[in-house]
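> 3D, please:
(3 chains)
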Amino acid sequence: MSFRFRHSLALTALVCAGFGAVAAEAKTFRWANAGDVSSMDPYARNETFLLTFTSNIYDPLIRRDKDLKLEPALAVKWGQVDKTTWFFDLRQGVKFSDGTPFTAADVVFSLNRANGPGSNMGGNFVSVKEIKKINDHRVEVITKYPDPLLADKWAALAMMSKAWAEKNNALNSADMTKNEENFATRNAMGTGAFMLKERRAGERTVLVPNPNWWDKPQHNLTEVIFTPVANPATRVAAIKAGDIDMMYEVPPADTESLKRDANVKVLEGPETRVVFLGFDTERPELLESNVKGKNPFKDKRVREAIHRSIDVQAIKRTVMRGQSFPTNLMVAPGINGYVKALDNRPALLKPEDAKKLLADAGYPNGFEVGMDCPNDRYVNDEKICQAAVAMLARIGIKVNLLAQTRSKYFAKILRKGDYKPGETSFYMLGWSPASTYDVHNVFEQLIQTPSNVTKKGLFNAGGYSNPEVDKLADAMEQETDKAKRDAMIAQATKLYVDDYAYIPLHQQAVVWAARKNIELVQLADNSFPLRFVTVK
Amino acid sequence: MLAFILRRLLQSIAVLLTVGLVAFALFRYVGDPINAMVGQDTSMEERETLREKLGLNDPAPIQFLVFIGNAARGKFGLSYRTSEPVGRMILERVPATLELSICAALFALLVGVPMGVYTGLYPRHWLSQLFQAVSLIGISLPTFLIGILLILIFAVWLRLLPSFGRGETVDLGWWTTNFLTWKGIQALILPSITLGLFQLTLLMRLVRSEMLEVMRTDYIKFARARGLTNRAINFGHALKNTLVPVITVAGLQLGAIIAFAIVTETVFAWPGVGQLFIQSVQFADIPVMAAYLLLIGLLFVLINLTVDLLYFAVDPRLRGQGMARPAGH
Amino acid sequence: MAVVVADWLKRAADSDIWWSFKSSPLTIAATAVTLLIVALAFLSPVLAPHTPFDPATLSLSDGLRPPALLSADGDWTYPLGTDEQGRDVLSSIMYGTRLSLVVGLASVVVAMLLGITLGLVSGYFGGTIDAVIMRIADVQLTFPAILVALLIDGIVRSVISVKRHDEIALFVIVGAIGLSFWVQYARTVRGSVMVEKNKEYVQAARVIGLSPPLIMVRHVLPNVTGPVLVIATINLGLAIITEATLSFLGVGLPPTEPSLGTLIRLGNEVLQSGDWWITVFPGVTLAALVLAVNLLGDWLRDALNPKLR
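Sure thing, here's the model as predicted:
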């Protein structure tokens, strides 16, 4: 990674020098992904792909550089005036691509729109009390309580034009319950490095560089064409044939053959998402099992036997073709609160030892249980579950696998309204604390006891519950002393690890492929800003 | 005649309404769209509010009535996946699917019919046996595998044709066409073959068996006895007699092609209605699925109606019985 | 008894059908291939070297072995290699073919029963009943098999509390394919019935007071067996392919007990990875099977068609 990074920097510099003078030459960059960007509205979905795509058109106040460090974009300076007041000093002389100047009014408008109806970004505004324009180039934000992470949270928030939104009646994000289209769904106009030239949802989206961009372009592109290509085999064929220049998310099985292709290069790195298996430890009797009157997963010995029978290294070798990073924690390295010392998977058990654990727990002949798995959500999700089924069959647990498409799978396993448990006994899920890059999000959503009073544990589908972990998680939310907080995190992590609460499997790898004549930077959060792309 | 058409039209509308009602009664089983619509940080309350607002908690007949009420005014709502108006999303994709379907149908007709005629006339010739065996490939391998193999051969190895997509299109008002650019035409070739191969086999076999039967009729024997040339008999008499059932089946199959372009469009990332439908199934995008079904329903109804009317016009014997149509096979 | 059998055999040997069978080497070859594949499939529990449907016997450490001929040590434990899950490809094909044949036959039977019944009723009674049934056929054509499969799947799951979804999956697929194929039979039968019902012998049967169901089953039905059989043989192949396609679109049989179609779908994903044996062997098997069955169907059509003799 670091080698490639330096390499590309050097090349970028070279290319910039070389092409600065003769920028007239057409440099079209064609790339593909399995799915389309769902909307051009930067607040329509809080998902990496939409945010990274729209960030090419809309600049944020603060952006992340190649190392994911914050750097000034539309704000040149920011910080805290006092404990509960943040300030943002705006860059002067910036114009939107339609020529209107960018001012504090646009910032206030954008932030309110992102926190308004139809927007999916409201989660970033929980602590915000008031957003004030001080003058044309300064905005202050008053928070309800000290919020040291505000700048990090807002690093992805796009800045829109107030005048443009007013003119086109796009003051809010699309309201799904109204029967009319929102202008910003299909159109976009920001201060960013690129401008939207053509948008055909599901077919192609064309961007062209913004000649009046405030920053000096590092890219040398004259046109960018994005096409969704759903079938992985077609995508791989397309890059081999040279019909696309870059493919986002390469299936692991094809990584090797693409590496062998002389015209293609492969970029790989770990993703922050952890894929894991979960148990129903909530119901007194499992929904889908032949064990009646009790729930085998409530017994820690059963969970241990299963955990220590799943060979993640073997899954990495065959199913994932080396494209995974096995882990024993629910968060990945790079997330705040990852405890390296605890990230050791316990040794695998021999089948007879695992069977003995099961026998001690009262299941000498094993048992039968249903398992839920998506077949189009995570990399090789279905195949991983299949491998797990085989591994558990060896210790006498007969798993009936149900792998289905994501909308049906999520509808089945996730907790229902009123926090009722999901209809699953044993399931696969993936999670990345993408909004905060902090472990507390994982505790809050996956590990804390689900409750419609505390509003915690929304994605704790199996209802794992440990009062001690609950207490620690609540405490770490308030704690500002880093050393104390780290100690709490370590303690809570050890509790859930020792309890075999979940079976973390691995972080999947992010694999991209590009034609040899393309220089680009792969960021660890899987975002793909076009401003780092050059075509030779 | 007019009464017949009116009756059929009324029946057709009933068919469409049934399609819609059945669809809505069943949509609750295709998955939950909410999870695809919100981010992972959205609270349970917001999820439930959205569900309530979208009417997903209403009983199916009410959801259906609301949908029909809106559809009658030309409003199909917004897609849950893209928040774009469903009507326009479908309309924008119709040209892609229609052009692909027509090319596939033409391919099937222009290759399948001559092959069928030849194998019908010379059933024992080795070339006929070859045609028959080769054409069976079209129904021996799944379409998705045929598509991928074609891509590997013609796009990756030979670099002759594009691997996916529509290539270049030209806008003619709201219609976008592939036919006006060389790149667009090139892009049509592989998907058309993939989609048409099955119909080609079907047509070839149909023409062959019809030809075999016609060639043994007294009608042909008399023609031979009159000393007509083989050429005149084969094409003037025999082929002409096989055309009516062929046209019928081809017409009905055009509907089938359009409806079942789903797989081909998915393999070739062809931006048509079939691909849209599959994406919508994945996201439980109910408004799009409903509108798609109505469109396909309308298409089948129209094709069936046309075919019935054609028969009505062609075969006077059927007039007394109202509507009769020979088997579609 | 023996005399009866011998007599029957003799008559069969003298029949036109046998003669036309004997005189077509292609048909004989097709029959041989079909019988071979069917035998291998249904004897798979006895013949297959491994039991790929039993997950306890699988080990990922056996995964991705190339076919024996190509592997360096010539390991004949896995003659056609293994897939990512460590499943023996040869055994998977044998078990998978059995499953595909079951799906194909069952769904053809479902479609046939449904189609023939509706076709008979529609053609014999005509009028409103006919109109209703034919409009239902129109509705049916509107729903792509994939949607029918998704919907049936959803309903079954919500109606029955499901523990063994893999078993349900089989019924869902059979139901979905059966439902999407019945229209052809119904239209064919209906057409023939409309022709037959005005013939003298049917009218005579009516005059002597036979009930309509009896007339239909005893007099009309035998006249339509020919075309129905032909459609059935062609549909058998089509049903197997449709199952593969449904699997490609995400509603197939569970990958833990893969059919031939599921094997191809799974292999399709690794087609370009260099592990060609995972796709090619199941693909060739499927093509051979469908080809052979269709050739038989062709022959049957020609042989049963009195006008062609």
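
> which ones are touching B:I220?
B:I220 makes contact with B:V214, B:I233, B:H237, B:A238, according to CB atoms under 8 Å, 6 or more residues apart in numbering or on different chains. Glycine gets a C-beta too; all of them are placed from N, C-alpha and C.

> JSON lines please, covering those residues and showing secondary structure.
Shown next, in JSON lines, are those (DSSP: H, G, I helix; E, B strand; the rest coil):
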{"residue": "B:V214", "secondary structure": "helix"}
{"residue": "B:I233", "secondary structure": "helix"}
{"residue": "B:H237", "secondary structure": "helix"}
{"residue": "B:A238", "secondary structure": "helix"}
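
> as a markdown table, those with distance to B:S163 and neighbour count would be great.
Converted to a markdown table, these look like this (distance: CB to CB, whole Å; neighbours: other CB atoms under 10 Å in any protein chain shown):
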| residue | distance to B:S163 | neighbour count |
| --- | --- | --- |
| B:V214 | 43 | 19 |
| B:I233 | 46 | 19 |
| B:H237 | 46 | 18 |
| B:A238 | 42 | 23 |
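
> of these, closest to chain C?
B:V214 (9.8 Å; CB to the nearest CB).

> the residue of chain A most remote from its centre in helix, strand or coil?
In chain A, counting by CA atoms, centre = their mean, A:P364 sits farthest out from the average C-alpha position, at 41.3 Å. On the three-state scheme (three-state DSSP), A:P364 is labelled coil.

> tell me which helix or strand the closest residue to it other than its chain neighbours sits in.
Excluding its sequence neighbours, the residue lying closest to A:P364 (CB to CB, 6 or more residues apart in numbering or on different chains) is A:L358, at 7.1 Å. Assigned by DSSP states H and E, A:L358 belongs to helix A:351-360.

> for the next helix or strand after that helix, list the C-alpha coordinates in PDB.
Counting by DSSP H and E, the next helix or strand C-terminal to helix A:351-360 is strand A:367-374. What follows is strand A:367-374, C-alpha atoms only, in PDB (Å, rounded to 0.1, in the frame of the first residue of the first chain):
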ATOM      1  CA  PHE A 367     -28.500 -30.700  17.200                       C
ATOM      2  CA  GLU A 368     -30.100 -29.100  14.100                       C
ATOM      3  CA  VAL A 369     -30.500 -25.400  13.500                       C
ATOM      4  CA  GLY A 370     -31.500 -23.000  10.700                       C
ATOM      5  CA  MET A 371     -29.000 -20.400   9.500                       C
ATOM      6  CA  ASP A 372     -29.700 -17.200   7.600                       C
ATOM      7  CA  CYS A 373     -27.300 -15.700   5.100                       C
ATOM      8  CA  PRO A 374     -27.500 -13.100   2.400                       C
END
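
> how about strand A:367-374 and chain C, any contact?
Yes. Strand A:367-374 lies within reach of chain C by CB under 8 Å from any CB of the partner chain, at A:G370.

> chain center to the longest helix seen in chain B, what's the gap?
The longest helix of chain B (DSSP state H) is helix B:86-121. Centre-to-centre, helix B:86-121 and its host chain are 8 Å apart (CA atoms, centre = their mean, to the nearest Å).

> how big is the angle separating whichever helix or strand comes after that helix from helix B:86-121?
Per DSSP H and E, the first helix or strand lying C-terminal to helix B:86-121 is helix B:126-135. Relative orientation of helix B:126-135 versus helix B:86-121 (axes from the mean of the first three to the mean of the last three CA atoms, to 10 degrees): 150 degrees.

> what residues sit buried inside helix B:126-135?
B:S128, B:F131, B:Q132, B:S135 (16 or more other CB atoms under 10 Å in any protein chain shown).

> does the helix or strand just after it reach chain C?
Using DSSP H and E, the helix or strand that follows helix B:126-135 in sequence is helix B:137-140. Yes. Shown here: helix B:137-140 in contact with chain C (CB under 8 Å from any CB) through B:I137, B:I139, B:S140.

> quick one: residues contacting the last one.
Put plainly, it is B:S140. Neighbours of B:S140 in contact, by CB under 8 Å, 6+ apart: C:G237, C:I241, C:L286, C:A287, C:A288, C:V290, C:L291, C:N294.

> the first one too?
By CB under 8 Å, 6+ apart, the contact set of B:I137 is B:I146, B:L197, C:A287, C:L291.

> interface residues of the stretch 151-300 of chain B facing chain C?
Contacts of the stretch 151-300 of chain B with chain C, taken as CB under 8 Å from any CB, map to B:152, B:205, B:209, B:212-213, B:216, B:255-256, B:259-260, B:262-263, B:266, B:277-278, B:281-282, B:289, B:293, B:296-297, B:300.

> which of the contacts of B:S140 tops the neighbour count?
C:L286 (28 neighbours; other CB atoms under 10 Å in any protein chain shown).

> which helices and strands does the helix or strand where that one lies pack with?
Assigned by DSSP H and E, C:L286 falls within helix C:277-304. Applying 3 or more CB pairs under 8 Å, 6 or more residues apart in numbering or on different chains; DSSP states H and E, one finds that helix C:277-304 makes contact with helix B:137-140, helix B:182-215, helix C:16-22, helix C:25-42, helix C:89-125, helix C:221-248, helix C:260-268.

> immediately after the fourth one, which helix or strand?
Per DSSP H and E, the first helix or strand lying C-terminal to helix C:25-42 is helix C:44-47.
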